[in-house]
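Asker: Next one to model:
(2 chains)
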Amino acid sequence: MGAQVQRARETQVKTYAQGWATRLVGLALLLSGGATTGCIAVYQPMSGLHRAIAVDPGYAHLADLDLTLHCVPGDHLDRGETRALCRKVSRLFENQGAEVRMVLGRSPLADPDDAPESPATAAAPEKPTPKTALHVSLSSRLVHQEEISIFGWSIVTDYTFAQDITIRDESGFLLVKDTLTGRMMMRLGVFEDAKDEFTRDYYGQISQLAFNAKIRRQVLRESQAQAGTN
Amino acid sequence: MEFWLYVLLMYMPSLIETARDPMNGYVAPNATLRTLDCEPISTEGARRIAPGRVSDAHARSDFLNRRAVVCRERLMPLGVRRPQDDALLSNLRGMARDMAGAVAEAAPKASGRTWLVEVFHPDAALSYKIGFAVKNALLERGVRVTDRAPSLAAGDVEVLGVTPQNKAYPLACTRYAAGGGLGPNDALLAVVLRDPRATIMHAGVCVDGQWRWVR
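Answerer: Alright, predicted model coming up:
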C-alpha cells in the first residue's frame, strides 16, 4: 500500500514535472523561434525596380556630372527618412564620380511653366561648362498600406510604395522620368533578403537613369551646337 | 497544448495571408516574382478588366480589405538575354512609338516623304527587330516607309569610320543627299545607340541634307 502510494506520488511528481518541463521547452522554443524569425521584411519588385540595367554602379560612369539632388518628403517618407535617403543616393552618385549637392525639397525647375518646350529653345550657355549639370528629383508616395494586428501588436504590415524620379538639365528640360514601384511586407518569417535585394535593385535603377540622362543631355547638346552652326 | 495555441494565435494571420499571397516569408522568395511586372490598380478597374474576380463589398461592410494588382509576365526570363538588350526589347513598342512621334514633331510634312529607317546597334539581329518595330510604328501614323537602305560611296564610308560620333552623323547626312543615297522626296530616321552602357536609343532625322537629333 505504501509502495503504491509512493509510486503514485512519484508518477504525480513526474507527470507534474513533465508538464512544467513541456511548458518551459515550449516557451523556450517560442521565444527562440521568435528571436530567430522575428519581424522581417519581404520585398517584391513590382514595376521598374527589376528592369535589366547595363551600367555597373561600381564604376565611375558619372565622372563629368554636376548633380543637384532634390529629395521631396511625402506621405511615405518623412523629412528625416528623406534626408537619410538623400544622403545614401548622394553617396552612390559620388562613388560613381559625380559632384553632388543635396537639397531637401522640390526642385524649382519642376514647374512645367518654367521648363522650356524643347532644348533648342532654351538659352544656350554663353561659355562652355566643363561638367554637365543635372537636377535629379526624388519623391516617394505610399500607394497602398494594410496592417493586421492582434491586441494592438502589428503582425503583418504590407505596403506598396512608388518612387518618382525625374532628371532635368540646367535649363529645366526633362531628360528622364520614371517611377519605381515596389512592395514591402513586414511579417513574422524566416528568410530575410529584402534589404540587400531592394538596395541592389534601387541603386542599379537610379544609376542607370542618371547615366541615360547624361547621354541624352550630351546628344541634345550636339543638336543645339549643330543648330547654332547651321 | 498551450504552446500550439500560442503559435496559432501569433502565426495564423500570417499563414492565412501566405496561403493567398505569392509573396511569402516562410520559404525562400519565389523567383518567379522577378519575372512579373505588376501595377496596382483600383478595385473598380479590376472589376472592369476581370469581372467576377474581385467580389463586391457587402452592403453592410464585410470588414475585408480588397486590393487588385495587374501583373504581366515577361516574355523572356531574366538572364536569357544580355541586360542591355533586355532593357531595350522590354519596351520595344513604347520606344518605337516614341521614335515615330519624334518624326512627326520634327518633320510636320513627314507624310509627304518616303522614310528610310536605319538602326545603329552592334547586334544585327537586334537592329533588325528595332528597325522593324520603328517602321511599323511609322506606318501606324500614316507615314510612307520603305525597306530600302541609303547607300554611301566606299570613300565616304572610310572617312565616316574614323570621324567622331558627334560629327559622323551630320556628315553622313550631307553625303547621303550629295551622293544620291537620299532623294529629294526621301528622309532618313536613324535610331542610334550612342553608348553601350545606356538602355535608351536616340533618334536623328536627315531631311534635305540637314541632320538633327530629335530624341
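Asker: which stretch of helix or strand covers residue B:97?
Answerer: If you go by DSSP states H and E, residue B:97 is part of helix B:92-106.
Asker: Establish whether the helix or strand following that helix and chain A are in contact.
Answerer: Following helix B:92-106 in sequence order, the next helix or strand is strand B:114-120 (DSSP H and E). No. Strand B:114-120 does not reach chain A (C-beta under 8 Å from any C-beta of the partner chain); its nearest approach is 12.6 Å. From N, CA and C alone the C-beta is placed, and that goes for glycine too.
Asker: in its sheet, what does the strand ranked longest in chain A sit against?
Answerer: Taking DSSP state E as the criterion, chain A has its longest strand at strand A:132-150. Note on strand A:132-150: by DSSP bridges, its sheet partners are strand A:65-72 (parallel), strand A:153-169 (antiparallel).
Asker: where's residue B:210 relative to residue B:174, distance?
Answerer: Relative to residue B:174, residue B:210 is positioned 8 Å away (C-beta to C-beta, to the nearest Å).
Asker: go on, residue A:52?
Answerer: Using C-beta to C-beta, residue A:52 is found at 37 Å from residue B:174.
Asker: Between these two, point out the one with more neighbours.
Answerer: Just comparing residue A:52 and residue B:174: by other C-beta atoms under 10 Å in any protein chain shown the higher neighbour count belongs to residue A:52, 20 against 15.
Asker: A helix includes that one, no?
Answerer: No. According to DSSP: H, G, I helix; E, B strand; the rest coil, the state of residue A:52 is coil, so it is not within a helix.
Asker: pretty sure it contacts residue B:87?
Answerer: Yes. Between residue A:52 and residue B:87 a contact is recorded at 4.6 Å, counting by C-beta atoms under 8 Å.
Asker: what's the overlap in contacts for these two?
Answerer: Counting by C-beta atoms under 8 Å, 6 or more residues apart in numbering or on different chains, the contacts common to residue A:52 and residue B:87 are residue B:199.
Asker: give me the number of residues near residue A:216?
Answerer: By the criterion of other C-beta under 10 Å, residue A:216 has 24 neighbours.
Asker: how much does the strand or helix carrying residue B:176 deviate in direction from strand B:114-120?
Answerer: When secondary structure is defined by DSSP H and E, residue B:176 falls within helix B:165-179. For helix B:165-179 against strand B:114-120, the angle by axes from the mean of the first three to the mean of the last three C-alpha atoms, to 10 degrees is 150 degrees.
Asker: Buried residues, helix B:165-179. List them.
Answerer: Of all the residues in helix B:165-179, those buried under the rule 16 or more other C-beta atoms under 10 Å in any protein chain shown are B:166, B:168, B:169, B:170, B:172, B:173, B:175, B:176, B:177.
Asker: out of those, who's nearest chain A?
Answerer: Closest approach between the buried residues of helix B:165-179 and chain A, by C-beta to the nearest C-beta: residue B:166, at 4.8 Å.
Asker: Per-residue pLDDT of that closest one, please?
Answerer: You'll see residue B:166 listed with a pLDDT of 83.
Asker: Can you tell me, leaving aside adjacent residues, what's nearest to it?
Answerer: Using C-beta to C-beta, 6 or more residues apart in numbering or on different chains and skipping the chain neighbours, the partner closest in space to residue B:166 is residue A:222 (4.8 Å).
Asker: Also residue B:174?
Answerer: Closest residue in space to residue B:174, ignoring its immediate chain neighbours: residue B:209 at 5.3 Å, by C-beta to C-beta, 6+ apart.
Asker: got a pLDDT number for that neighbour?
Answerer: 88.
Asker: so what's it up against?
Answerer: With contact set as C-beta under 8 Å, 6+ apart, residue B:209 has these partners: B:173, B:174, B:176, B:177, B:178, B:182.
Asker: and residue A:171, that one's in a helix?
Answerer: No. Residue A:171: not assigned to a helix; according to three-state DSSP it is coil.
Asker: quick one, phi/psi of it?
Answerer: The phi and psi values for residue A:171, taken as degrees, to the nearest 10, are phi -90, psi 0.
Asker: I'd like the distance between it and residue A:133.
Answerer: When distance is defined by C-beta to C-beta, residue A:171 is 10 Å away from residue A:133.
Asker: Could you do residue A:97 as well?
Answerer: Taking C-beta to C-beta, one finds residue A:97 at 15 Å from residue A:133.
Asker: neighbour count winner among those two?
Answerer: Each of residue A:97 and residue A:133 has its neighbours counted (other C-beta under 10 Å); residue A:133 has more, 16 against 13.
Asker: Touching, residue B:186 and residue B:117? I think so.
Answerer: No. At 11.5 Å, residue B:186 and residue B:117 do not qualify as touching, with contact defined as C-beta under 8 Å.
Asker: ranges for the strands of the chain?
Answerer: Because you didn't say which chain, this covers chain A. Shown for chain A, the strands assigned by DSSP E span residues A:39-47, A:65-72, A:99-104, A:132-150, A:153-169, A:174-188.
Asker: The intended chain is chain B.
Answerer: Remark: strands assigned in chain B by DSSP E are B:36-41, B:68-73, B:114-120, B:144-146, B:186-192, B:202-207, B:210-213.
Asker: Mind putting these into CSV with mean neighbour count?
Answerer: Output for the strands of chain B, formatted as CSV (neighbours: other C-beta atoms under 10 Å in any protein chain shown):
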stretch, mean neighbour count
strand B:36-41, 17
strand B:68-73, 13
strand B:114-120, 20
strand B:144-146, 15
strand B:186-192, 22
strand B:202-207, 24
strand B:210-213, 21
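Asker: Could you dump those strands into a markdown table and include distance to residue A:160?
Answerer: Formatted as a markdown table, those follow (distance: least, C-beta to C-beta, whole Å):
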| stretch | distance to residue A:160 |
| --- | --- |
| strand B:36-41 | 6 |
| strand B:68-73 | 8 |
| strand B:114-120 | 37 |
| strand B:144-146 | 42 |
| strand B:186-192 | 35 |
| strand B:202-207 | 34 |
| strand B:210-213 | 38 |
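Asker: Residue B:80 is nearest to which of those?
Answerer: strand B:68-73 (13.6 Å; C-beta to C-beta).
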